[in-house]
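J.: structure of the sequence below:
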Amino acid sequence: MKTIKLNGQSRTNLGKKDSKVLRKQKLVPCVLYGNKAENKNFVLVEKELKELIYTPFSYIVEIAIDGKIHTCILKDMQFHPVTDEILHIDFLNIDENKPVAIDIPVEITGHSEGVKQGGKLQVLIRKIKVSALISELPDELPVDITNLQLGKSICVGDLLFDKLNIITPKSNIICSVKMTRAALGAAATAEEQKS
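T.: Okay, the predicted model is just below:
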């Protein structure tokens, strides 16, 4: 899985007023917790976060704070309801020897039979939550739709990946091929030609 490196600065003043001052300086208040480590409050430069936040990918994050590197994942984000400014970010400490639960993007591959017959592909899930050691985490989860027929769907339970434990419910539909008017017309024409 891709890794992104960030430089953080410790912060000790944790009040709301202090957070507002930091945001005016284009700094984002953050907290790092979990894995039996002490909670660490720090700030990151807002513009350095664009690649981590505004992307379909998931990353392992290495944050340098006070000369020490912390390996973690992005756990939660809070945005301003009007301006979409990043208000706060939570990072979760991870251990390379313990499984971590993270959302991995789905990569649709192949050309569906149902789409070739005039159907419309609908992708309902863009990411699937899995658990694995960070050394085993892929950048994307390929989903081959080559044999997907009209009116059929692929569920999370249809997928199988080595060394990954899928957490997303098995019944969740990843993608399906819906019948369109064009496909219905083509099917009716084919039936008429048969008779």
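J.: got a list of what Ala64 touches?
T.: Residues near Ala64 by CB atoms under 8 Å, 6 or more residues apart in numbering: Lys5, Leu6, Asn7, Gly8, His70. Bear in mind the C-beta positions are built from the backbone N, C-alpha and C, glycine included.
J.: how near is the closest residue to Asn97 other than its chain neighbours to Asn172?
T.: Distances taken as CB to CB, 6 or more residues apart in numbering place Leu133 nearest to Asn97, at 7.2 Å, with adjacent residues excluded. Look at Leu133 and Asn172: by CB to CB, to the nearest Å, they are 24 Å apart.
J.: buried subset of the contacts of Ala64?
T.: With neighbours counted by 16 or more other CB atoms under 10 Å, the contacts of Ala64 contain buried members at Leu6, Gly8, His70.
J.: so can I have a markdown table of the residues you listed showing pLDDT?
T.: A markdown table is the format used below for these (pLDDT from 0 to 100):
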| residue | pLDDT |
| --- | --- |
| Leu6 | 93 |
| Gly8 | 90 |
| His70 | 92 |
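J.: so of the residues you listed, which ones are in strands?
T.: The strands, defined by DSSP state E, take in Leu6, Gly8, His70 from those.
J.: going along the chain, name the helices of the protein.
T.: In the chain, the segments counted as helices under DSSP state H are 16-24, 50-53, 113-116, 181-194.
J.: can you tell me the average pLDDT over the last one?
T.: Which is helix 181-194. Averaged over helix 181-194, pLDDT sits at 61.
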